[in-house]
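Trainee: When you get a sec, could you give me coordinates for this:
(2 chains)
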Amino acid sequence: AQTVTQSQPEMSVQEAETVTLSCTYDTSESDYYLFWYKQPPSRQMILVIRQEAYKQQNATENRFSVNFQKAAKSFSLKISDSQLGDAAMYFCASRGYQKVTFGIGTKLQVIP
Amino acid sequence: NAGVMQNPRHLVRRRGQEARLRCSPMKGHSHVYWYRQLPEEGLKFMVYLQKENIIDESGMPKERFSAEFPKEGPSILRIQQVVRGDSAAYFCASSPTGSRDSPLHFGNGTRLTVT
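Mentor: Below you'll find the predicted structure:
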């Protein structure tokens, strides 16, 4: 069984600043991947970044990076130099055997 | 390369009618997943299909809901005798394989409103 918990319903960040979105997960599987998706008002789900559980190195995609703490089952997303276009719902997800489980999301507001 | 196509984008049904939601996966993708999104609840897994097979339907209500992914044509999520509680956004996602490193590619969703 997999569970994904996002404990921050809403976050806000000043444009050009850095923000961190939290995610914790639980899984009985030893091999899994973790993902962050972004859902802007258009409703399209967009893959932001992914992390393999076996890799200790934190994944990075341009302004987006993760802090993966496997022992703590924590997978936070850091957005640097926030832009207005980053405003969206952000979902953390865990993919194990066959199933992909999502958290309930964090709504990010970017303040000009 | 066209993305995941879902139609219709919006669907309005009266209570008791049937709703049919369609999903064409990305080219080369043979794995399809359906999710339901309600406000404050995130994405809830419903069903996972591979061509002509249902792999996991543990998230789908036993009554009124069914899904298929035929050899030819789109995947269909069918809701019979809809009720107001079925109102939600339904998302389809596809992946080329079922392996763990294969991210899901999502469609734009179908917003179902039951009046």
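
Trainee: mind checking the SS state of the residue positioned nearest the centre of chain B?
Mentor: Nearest to the mean C-alpha position of chain B, counting by CA atoms, centre = their mean, stands residue B:34 at 3.5 Å. The local conformation at residue B:34, judged by DSSP: H, G, I helix; E, B strand; the rest coil, is strand.

Trainee: pLDDT wise, what is it at?
Mentor: pLDDT, residue B:34: 97.

Trainee: Return the residues in contact with it.
Mentor: Counting by CB atoms under 8 Å, 6 or more residues apart in numbering or on different chains, residue B:34 makes contact with B:23, B:46-49, B:60, B:67, B:75, B:77, B:90-93. Heads up, the C-betas are built off the backbone N, CA and C, glycines and all.

Trainee: Against chain A, how distant is it?
Mentor: Taking CB to the nearest CB, to the nearest Å as the measure, residue B:34 and chain A are separated by 12 Å.

Trainee: give me the subset of the contacts of residue B:34 touching chain A.
Mentor: Here is what survives when these are matched to chain A using CB under 8 Å from any CB of the partner chain: B:48, B:91, B:93.

Trainee: burial measure for the closest residue to residue A:95 other than its chain neighbours, as a count.
Mentor: Take residue A:95 and drop its neighbours on the chain: the residue closest to it by CB to CB, 6 or more residues apart in numbering or on different chains is residue A:33, 4.7 Å away. Residue A:33 is flanked by 20 other residues according to other CB atoms under 10 Å in any protein chain shown.

Trainee: If I follow the layout properly, residue A:33 ends up in contact with residue A:52?
Mentor: Yes - in this structure, residue A:33 is within contact of residue A:52 by CB atoms under 8 Å, at 5.6 Å.

Trainee: what sits against the residue positioned nearest the centre of chain A?
Mentor: The residue lying closest to the centre of chain A (CA atoms, centre = their mean) is residue A:36, at 3.6 Å. Residue A:36 makes contact with A:21, A:23, A:47-50, A:64, A:66, A:75, A:77, A:90-93, according to CB under 8 Å, 6+ apart.

Trainee: Out of those residues, flag the one nearest to residue B:83.
Mentor: residue A:91 (26.6 Å; CB to CB).

Trainee: Report pLDDT for that closest one.
Mentor: Residue A:91 carries a pLDDT value of 97.

Trainee: partner residues bridging residue B:50?
Mentor: Counting by DSSP bridges, residue B:50 is bridged to residue B:31, residue B:53.

Trainee: before we move on, back to that, just the buried ones from the contacts of residue A:36?
Mentor: Among those, those classed as buried by 16 or more other CB atoms under 10 Å in any protein chain shown are A:21, A:23, A:48-50, A:64, A:66, A:75, A:77, A:90-93.
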